[in-house]
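>>> next input, structure requested:
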Amino acid sequence: MVVLAGRAGASVLPRAVNLVRTLGPWAAVGFIVLYAGATVAWVPASLLTLAAGATFGLLRGTAYTLVGATLGATLAFLISRHVARGWVVSRIGRSVRFRAVDTAVASEGFKIVFLLRLSPAFPFSAMNYALGLTPVRLRDYVVASLLGMAPASFLYNYAGFTAGQVAMGGSAGAPRGVGHYVLLGGGLAATVAVTAWVTRIARRALRDATGPDPHGPGDEGPPDDGRDPRPPDRREAGGVRVGDDSA
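Take a look at the predicted model:
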């Protein structure tokens, strides 16, 4: 149901963004609520992140994006842990990749969540729900998510901000010189390079923590044979351990 809502929601995002822009002083609140709802509904939010930079500017756009994404990720985490656990287990719980993450989170929760947020190898929406099955503490999840999402949020906002500045340059009353666009393009290129470098570091650290994926990216491994490779004290009925939901 959540996935179907996400697919339907993706088609209405442009209209929702245009509506938010008409809210005047409430636009920031409307954007944060929209972003959080899109995150819970499994809607790819990259368009919203780009729109934030174009609408609110680089710094405010990044701030609003991080607040909305963190709020939505936290809601999805709590839904997975307390409301829709069985559904999440049926979709994610027996994944070979998830088992490796689950084991690593048990020993280094904050670090692993932070690295997962830095690495694009793990889908953002799916990981919000998957981490609700792990024992990571709520406050560690929230803080690590906020910090780990910052580089990508800044990058996408910079791209949206740059696109907005270019569009303004072609409008009356907003002349821009060549140097302005050179600085914008150079800043965007530098941001992409730094983000890519941080991502590579995060991927290596995750491999060290969870072990290499023998099936390659995106492959969840062979069909489950009913045997859980984790130690007995790390299991529960259904193949996934009950997380510690203490804050």
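
>>> tell me where this protein has helices.
In the chain, the segments counted as helices under DSSP state H are 2-21, 27-40, 46-56, 58-82, 85-88, 96-107, 109-118, 124-130, 138-169, 178-210.

>>> including mean pLDDT and mean neighbour count, could those go into JSON lines?
Glycine gets a C-beta too; all of them are placed from N, C-alpha and C. Output for those, formatted as JSON lines (pLDDT from 0 to 100; neighbours: other Cβ atoms under 10 Å):
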{"stretch": "helix 2-21", "mean pLDDT": "66", "mean neighbour count": "14"}
{"stretch": "helix 27-40", "mean pLDDT": "93", "mean neighbour count": "21"}
{"stretch": "helix 46-56", "mean pLDDT": "87", "mean neighbour count": "24"}
{"stretch": "helix 58-82", "mean pLDDT": "94", "mean neighbour count": "21"}
{"stretch": "helix 85-88", "mean pLDDT": "78", "mean neighbour count": "17"}
{"stretch": "helix 96-107", "mean pLDDT": "76", "mean neighbour count": "20"}
{"stretch": "helix 109-118", "mean pLDDT": "86", "mean neighbour count": "23"}
{"stretch": "helix 124-130", "mean pLDDT": "86", "mean neighbour count": "22"}
{"stretch": "helix 138-169", "mean pLDDT": "85", "mean neighbour count": "19"}
{"stretch": "helix 178-210", "mean pLDDT": "64", "mean neighbour count": "14"}
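
>>> I figured residue 92 hits residue 132, correct?
No. Look at residue 92 against residue 132 with Cβ atoms under 8 Å: they stay out of range, at 9.6 Å.

>>> neighbour count: those two, which is higher?
Each of residue 92 and residue 132 has its neighbours counted (other Cβ atoms under 10 Å); residue 132 has more, 25 against 22.

>>> pLDDT score assigned to that one?
If you check residue 132, the pLDDT there is 88.

>>> what's the burial count for residue 120?
12.

>>> over to it: give its phi and psi.
Residue 120 adopts backbone torsions of phi -80, psi 0, taken as degrees, to the nearest 10.

>>> oh, and call the first residue 393 from now on, that's how I've got it
All set: I'll call the first residue 393, so the last point we hit is now residue 512.

>>> measure it to residue 491 for me?
Separation of residue 512 from residue 491 (Cβ to Cβ, to the nearest Å): 21 Å.

>>> could you do residue 599 as well?
According to Cβ to Cβ, residue 599 and residue 491 sit 15 Å apart.

>>> swap in residue 510?
21 Å.

>>> same question, residue 520
Per Cβ to Cβ, residue 520 is found 18 Å from residue 491.

>>> for residue 462, same thing?
Residue 462 is 26 Å from residue 491, by Cβ to Cβ.

>>> ok, the residue nearest to residue 415 when sequence neighbours are not counted - contacts?
Spatial nearest neighbour of residue 415, chain neighbours left out: residue 422 (4.6 Å); criterion: Cβ to Cβ, 6 or more residues apart in numbering. Shown in contact with residue 422 (Cβ atoms under 8 Å, 6 or more residues apart in numbering): 411, 412, 415.

>>> do that again at 10 Å, thanks
408, 409, 411, 412, 413, 414, 415, 416, 456 (Cβ atoms under 10 Å, 6 or more residues apart in numbering).

>>> check residue 441 too.
Residue 441 makes contact with 427, 453-454, 456-458, 460-461, 541, 544-549, 551-552 under the criterion Cβ under 10 Å, 6+ apart.

>>> got a list of what residue 537 touches?
458, 461-462, 465-466, 469, 505-506, 508-509, 516, 519-520, 523.

>>> any idea how far residue 457 is from residue 416?
Distance, residue 416 to residue 457, using Cβ to Cβ: 20 Å.
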